[in-house]
Structure formats: structure tokens, C-alpha cells
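> sequence and predicted structure below; questions after.
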Amino acid sequence: MNKTENKENGLIQSQRSLYTEFKRINRLFKIHFSSLTLLFLLALGYIILWTYLVFTGQTIPELSQIYGLFGTIVTILITSVLSLLIIQIGIQIIFYGLFIVRGNRSLKQTKEDKTPRTAPYEGIVLYITNFSAFFSRYSKQKTTLVKRVQTFLFFNFFSGFFVVFLFTRILDTGSANVLINISMVIIFLLLLFFWLISLMTSFKIQKEIVRWEKLFPKLEEWAQELEQLSLENSISIDEETPP
Amino acid sequence: MSSSRRNKFEIWAEVLEFCLRAKRTQTWLLRETRLKTSATKETLQFLLSRNLIEELNEDNITKYHTTARGEEVLKRFYTLVNDYFDLK
């Protein structure tokens, strides 16, 4: 294998490993996004169904049965808190969705590449710059993206836990028919499942964000290296020998 | 995305990767990088001055292509990112 081929292979190998890595990150974001969306929709469906049952008199909240008017006020408060938590999940969906759309748009593999000199992958840099733009947009001095994602992680745990916990308080639909009762139990179990998935993926995303945050200053250094490059043909940066 | 917010490494690496696959015209780069004309010209001038891209004239149309030196620099960029993902 001659030197030129080695160089090309090195470039393609780098692109290939990055492409695989970015695909993995994208998959992680997609799983997180999907679990959050399903959690959101199920919670929304659950609360709509429950409100319908209360208003049509098919069920009386357990708290109202025990504490009367005070119980009703508490139930209204619980429902309001639940709604706010659901809206909060919706905001997270928009946040992660924005990145997935950008990432998917930039990352694509060109299979029909007949020119030997060019690499078969493109969008690698675009994917990185999309991430970088995301950092610039959402990472402020006081609230860095890492902090923001940590807040989301906390809310994921906190709100998810309370959504699940508070739903157990309104799970008993009492006089509603069996079909509705079974549906609500199924929705509740699905809620629990998707909450756990979103929680696990949140932890992984947090790790990724920390890694990216450390990477960007290095890329800035790369740009500085370019500025310092001489006008001659010699390359001052280290060349990596492919295996 | 506003061009003013973009870092140098973002713009330079993008142009190098765009011109790696095929010869690109300034108009094409202008559209894909979403930069202002002046910023695109400035970027091309910089990369040309460092011999990272070459200017080619095809049918009276000026096109840009990443040089071997540009490929090396881009490879270095990829390696930097790769190194961070290897640190697990």
C-alpha cells in the first residue's frame, strides 16, 4: 500500500469511526426523545381520561370521599401539579427534538461514491458544528448546557417520580366500568416503563454532554493551529500512522 | 443559526469537508455554510493562503477543492474528536 493510499485510508477510517459514534449518540437521543414523547402522551391521555371520569360522575376521587371539600381542593391541586409536570416534559421533548432534527439532517452516508480520493462519509463536521451551535445557543456563562441537562435529569427523576406516585392516588376509578379500569392500569404501567427508560437515557446523555463540553476547547486549539500554519507546504502538526 | 455566533473551527472544518468530496463553487459554499458573502470570501482566502484548498478554473467557473494538506488538517480534526470518544 503506498503512502497516498495510507493517508486516504486513515481519513476514511477516522470518518468511519466518527460516523459509527455519532450514529450511537443519535440513537441514544432518539430513544430518550421517544420515551419522553410516549411518557408525555400517556400522561396526557391518563389525565384527560381521569378528568372526564370525574366530570361525568363516573368516579369520585378517593381524597374527596374521605375529606370532602378539602379533599376536592387537594385533588384539584394535584391535577394542576401533574399538568405542570407534563408541560415540563413537553419542553424537554422540544429541546431534544431540535438536536435530533439537526443531527439527522447533517449526518448521511453516501454509498455511491465512485471517486477514489473522496471519503464515503459526509456530514461529520456538520454534526459536530450542529452540536457546537447547540452549545453556543443554550450554554450561557451561568447556565452551561451541562447544568441545563443536569436540571432536566433532576426534573426527569423528580417529575417522573411524582407523576407516577400521584397517578397511584387517582388510579382507583371506583365505579367506572371494568374496561376503563383495565385501560388506566395498563396506561399506568406503560408510564412507569417509559419513565424508567427516559431516566436511564438521561444519565447517558449527561455523560455525553460533559464529553462534548471538554472537546470544544480542543477544537478551538485546532483552529489556532491552522492560523499558525506556515504558508509553505510543510505540515507542522503531527501525522498519525494508520494501523 | 447566525453566522456571527459560529466559531472559526466550525467554518473552516465545514468548508474543508465540503470541498473534500467534490469541487465546489463559491455560491454553493455560500448556500451550504449559510455565511455572508464577505465571511465566505474571507474563509476561502484564509484556506487558500494556507494551501488547504486549491482554486480550479473549469469552463470559466472558479471551483474550490481540498488539497492533500487540507486533508491532513481535516484528519487531525477527526482524530481530535475521535480521541475524546476513546476516553471512556
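Structure's in. What do you need? In this text the structure is predicted, and so the values were computed from the model without any measurement.
> tally of neighbours for residue A:178?
8 (other Cβ atoms under 10 Å in any protein chain shown). Placement of C-beta: from N, CA and C, glycine included.
> give the contact list for it.
By Cβ atoms under 8 Å, 6 or more residues apart in numbering or on different chains, no residues touch residue A:178.
> same thing with residue A:208?
A:25, A:28.
> my read is it is in a strand, agree?
No: Residue A:208 is assigned helix when assessed by DSSP: H, G, I helix; E, B strand; the rest coil, not a strand.
> what pLDDT does it get?
Here, the pLDDT recorded for residue A:208 equals 84.
> helix/strand/coil for residue B:63?
Assigned with three-state DSSP, residue B:63 falls in the strand class.
> list the contacts of it.
B:23, B:24, B:25, B:55, B:56, B:57.
> from residue B:50, how far out is the nearest residue to it once chain neighbours are set aside?
In this structure, residue B:63 finds its nearest non-sequential neighbour in residue B:23, 3.8 Å apart by Cβ to Cβ, 6 or more residues apart in numbering or on different chains. Distance, residue B:23 to residue B:50, using Cβ to Cβ, to the nearest Å: 18 Å.
> what is the burial count for residue A:78?
By other Cβ under 10 Å, neighbour count at residue A:78 equals 17.
> so which strand or helix has it?
For residue A:78, the host element (DSSP states H and E) is helix A:69-106.
> in chain B, which spans are helices?
B:8-21, B:26-33, B:37-49, B:68-86 (DSSP state H).
> show me what the longest one is packed against.
Packed against helix B:68-86 by the contact rule (3 or more Cβ pairs under 8 Å, 6 or more residues apart in numbering or on different chains; DSSP states H and E) you find helix A:3-55, helix A:124-138, helix A:178-228, helix B:8-21.
> go through these and pick out the most buried.
Comparing the helices and strands packed on helix B:68-86 by mean neighbour count (mean count of other Cβ atoms under 10 Å in any protein chain shown), helix B:8-21 ranks first with a mean of 23.
> what inclination does that helix have with respect to helix B:26-33?
Angle between the axes of helix B:8-21 and helix B:26-33 is 130 degrees (criterion: axes from the mean of the first three to the mean of the last three Cα atoms, to 10 degrees).
> is any residue of helix B:8-21 near chain A?
Yes: Helix B:8-21 is in contact with chain A by Cβ under 8 Å from any Cβ of the partner chain, via B:8, B:9, B:10, B:12, B:13, B:14, B:16, B:17, B:20, B:21.
> ignoring the adjacent residues along the chain, who's closest to residue A:19?
Nearest to residue A:19 is residue A:121, by Cβ to Cβ, 6+ apart, at 4.8 Å.
> over to residue B:84?
Nearest to residue B:84 is residue A:215, by Cβ to Cβ, 6+ apart, at 4.5 Å.
> coming back round to it: could you dump the residues of helix B:8-21 next to chain A to TSV with pLDDT?
Below are the residues of helix B:8-21 next to chain A laid out as TSV (pLDDT from 0 to 100):
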residue	pLDDT
B:8	82
B:9	84
B:10	84
B:12	90
B:13	90
B:14	89
B:16	91
B:17	89
B:20	86
B:21	79
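> OK, contacts around the residue nearest to the spatial centre of chain B?
Computing the C-alpha centroid of chain B and ranking residues by Cα atoms, centre = their mean puts residue B:15 first, at 1.8 Å. By Cβ under 8 Å, 6+ apart, residue B:15 lies in contact with B:29, B:33, B:43, B:44, B:47, B:53, B:64.
> returning to what we had before: buried residues, the helix holding residue A:78. List them.
Buried residues in helix A:69-106, counted by 16 or more other Cβ atoms under 10 Å in any protein chain shown: A:71-72, A:75, A:78-79, A:82, A:85-86, A:88-89, A:92-93, A:95-96, A:99, A:102-103, A:106.
> circling back to that earlier point, turn the contacts of residue B:63 into JSON lines, including neighbour count.
Formatted as JSON lines, these follow (neighbours: other Cβ atoms under 10 Å in any protein chain shown):
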{"residue": "B:23", "neighbour count": "17"}
{"residue": "B:24", "neighbour count": "21"}
{"residue": "B:25", "neighbour count": "13"}
{"residue": "B:55", "neighbour count": "12"}
{"residue": "B:56", "neighbour count": "11"}
{"residue": "B:57", "neighbour count": "8"}
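> which members of these are the farthest-apart pair?
Pairwise distances across those peak at 13.7 Å for B:24 and B:57 (criterion: Cβ to Cβ).
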